[in-house]
Structure formats: structure tokens, C-alpha cells
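**Q** fold the following for me, if possible:
(one chain, ligands or ions: 2)
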Amino acid sequence: MVFITDDDVAHYSMQEETAKCAPTVESSRLASSAGEGDRISLGPQHSGAKELASLYSTGKRRQEIACVISASALIAVNFYFIVFYFRRSNWMSIVLSAADLASGLTHWAADSWGSVDMPVLGKSIIRPFREHHIDPTSITRHDFIETNGDNFAVLIPVLSYMAFNFFTLDEVEIVQSYAWYCYFFWLAVFVSVTNQIHKWSHTYFGLPGWVVWLQDHHVILPRKHHRIHHVSPHETFFCITTGWLNWPLESIGFWTFLERQITRCTATQPISCLPVMMKMHCTPWDHN
Ligand SMILES: [Zn+2]
Ligand SMILES: [Zn+2]
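**A** Numbers count the residues shown, from 1 in each chain. Ligands and ions are numbered 1, 2, ... in the order given. Below you'll find the predicted structure:
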């Protein structure tokens, strides 16, 4: 189990709420030109952050736009059928927890295993997570497409399957499985907004009042809560939708247990456990 105190967060994670880390490129440039950048070990001026950010290609951008449009259309189609076949149910908290767990598993896998050099997943999935550790404010400078493109992409197969069923099954069959359709639909909706919620947890300037209210009441991931994950070596508090499961999972040693099983089966170590030289190989910019 990993214990991270408020002092650890204050000393070992990037001070995103200070003016010099305000989420604009201009403020970062000003800080750098004023010599303040020398005092920031992590952030947009970090050589590794610049190199990882430069790997965001035009092809990846086009893929994200296509995925956001496709998944949004599928959400609209499925929402129509979910409303059309509406039945009373009261398990939204279960869906929110499932979305939180899904976000934690994805985040943990991308943070703890593999490298940016891996084929397919390296640059598309692992790169943004590794860049995010070196420059946590980079996400606040990403637009809607770059922030949410990957999450929308993973939803397309599930939403397509649901839409196909709504169009082809008869009413009796749909009503029989309606609870499952509801569950997967709302799970998809919360997964689609997870990285937007993550972005808000790093945004200390100009958030709408209703977003701050949801953060303050821990309906969505609060800013102070997520700072615990940003203490190197980033080995705890991986859930980033609501953050509800972070403490329970940590208290039962869930992530450590998973890592031990994977190490036992594959003889590989998670990045947080590697010696510094090997860690540098997996995330070559982490220690610049
Ligand atoms: Zn992380
Ligand atoms: Zn973060």
C-alpha cells in the first residue's frame, strides 16, 4: 500500500495552481524567459515533454476527429433507443464506479507497462500518459479532440453493436436485455467524458462553477485528490473518472497484487519498480 501525504504532494508534484504554471503556452514562455523555468523540473519546457508532444501527428489528429464524430453519432442513436424503451432503474452509482474502475485499469496499464517505442499502442496510447507525467498541464492546452479522441475511439465497437441490436431485434428481445443496454450505454457515456474530467482536475483557472461544484462534492475527480497520483513514480490513485475507487483499491493493495501476478507470469517488472537506468529506457525523458 502506498502512503502519500499532503507534504509529499506539495514537494514532489508540479505546482499547477501557481501563476507560473497557468495553463497557457504564453505563461510558460514568459516563465522560461524570466529564468523561472530553471526552477520547474517538470512542465512544458522539459525537453522530454517537448519531444513527446512533437510525436502528436497529423494522422493521429485525423483518426481522433473521425472517432469523436463516429462515437458521438452512435451515442445519439443509442440514447434515442434507451429513452424509447425507458424503464425505471436505480443503479447509476454502480455504472459510475464501473467507469472509474475502467479508467483506473487503462491508466495503470499505460503508466506501468510498455514503452513509447512499442508498435501501435506506444505512440497512440502510452505516449500521452508519459507526457502527462512530465508536463501535467499539457492536457489543459489540448482542445476537445486531442483530449477525448482516444476515449471516443474505444467506445465505437460497443456502441455499434448496441445500435445494431436496437435496429435488428424485436421489442420483446430488447426489453429483456434493457438493463444491460442501459448499463453499457451509461458506462460508455462516462468513459467518453473521463479524460475531460481528468483535464478539469488539472485546470486551476476559469472552470465553470458547476464543474467546480461537482469536483468539490466529489461527484467527479477533484483536483487535490488527483494530485496524489502525480507524485513520482506515479504508482497509486489511477482512477480518474470519479476517483471513488482510489482509496478502496489502494487499501486492499489492488494494483500491487495485479503487478505481482503479471511479474510472476511474464518475469517483467512494472516501470515504478525498475532500477533508475532501466526506467530511463522505458521513459527516457523522465529523469532529465
Ligand atoms: Zn498517470
Ligand atoms: Zn493527471
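**Q** next, the buried residues of stretch 225-243.
**A** By 16 or more other C-beta atoms under 10 Å, the buried positions in stretch 225-243 come out as 225-231, 233-243. C-beta coordinates here come from the backbone N, C-alpha and C atoms, glycine included.
**Q** now the stretch 151-288 of the chain against ligand 1: closest residue?
**A** Minimum separation of the stretch 151-288 of the chain from ligand 1 (C-beta to the ion) falls at residue 234, amounting to 4.7 Å.
**Q** ok, now which ones touch that residue?
**A** For residue 234, the contact set (C-beta atoms under 8 Å, 6 or more residues apart in numbering) comprises 111, 133, 272.
**Q** in helices, which of these fall?
**A** Taking DSSP state H, the ones among the contacts of residue 234 that sit in helices are 111, 133.
**Q** can I get the contacts of residue 234 in JSON lines with neighbour count and distance to residue 215?
**A** Shown next, in JSON lines, are the contacts of residue 234 (neighbours: other C-beta atoms under 10 Å; distance: C-beta to C-beta, whole Å):
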{"residue": "111", "neighbour count": "23", "distance to residue 215": "22"}
{"residue": "133", "neighbour count": "22", "distance to residue 215": "21"}
{"residue": "272", "neighbour count": "17", "distance to residue 215": "27"}
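**Q** near ligand 1, from the contacts of residue 234?
**A** Among the contacts of residue 234, proximity to ligand 1 is found for residue 111 (C-beta under 5 Å from the ion).
**Q** mean confidence for stretch 121-136?
**A** Stretch 121-136 carries an average pLDDT of 88.
**Q** low pLDDT regions in the stretch 151-288 of the chain?
**A** By pLDDT under 70, the low-scoring segments of the stretch 151-288 of the chain are 273-288.
**Q** now the helices for it?
**A** 171-176, 178-201, 209-216, 223-227, 246-251, 254-266, 276-282 (DSSP state H, counting those that start in this stretch).
**Q** now render the ones you listed as CSV, adding distance to residue 64.
**A** Formatted as CSV, the helices of the stretch 151-288 of the chain follow (distance: least, C-beta to C-beta, whole Å):
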stretch, distance to residue 64
helix 171-176, 32
helix 178-201, 11
helix 209-216, 23
helix 223-227, 23
helix 246-251, 27
helix 254-266, 28
helix 276-282, 25
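**Q** tell me, what residue is most central in the chain?
**A** residue 195 (4.8 Å; C-alpha atoms, centre = their mean).
**Q** that one and residue 146 touch, don't they?
**A** No. Residue 195 lies out of contact with residue 146 (C-beta atoms under 8 Å); the separation is 9.5 Å.
**Q** of all the helices of the stretch 151-288 of the chain, which one is nearest residue 129?
**A** helix 178-201 (10.5 Å; C-beta to C-beta).
**Q** got the residues of the protein near ligand 1?
**A** Counting by C-beta under 5 Å from the ion, the chain comes close to ligand 1 at 111, 234.
**Q** residue in the chain nearest to ligand 1?
**A** For the chain, the residue closest to ligand 1 is residue 111, as judged by C-beta to the ion, at 4.2 Å.
**Q** how close does that residue get to residue 68?
**A** 24 Å (C-beta to C-beta, to the nearest Å).
**Q** go on, residue 242?
**A** Note on residue 242: its distance to residue 68, by C-beta to C-beta, is 22 Å.
**Q** now residue 104
**A** According to C-beta to C-beta, residue 104 stands 23 Å off from residue 68.
**Q** residue 174 and residue 164 touch, don't they?
**A** No. In this structure, residue 174 is not within contact of residue 164 by C-beta under 8 Å, at 12.0 Å.
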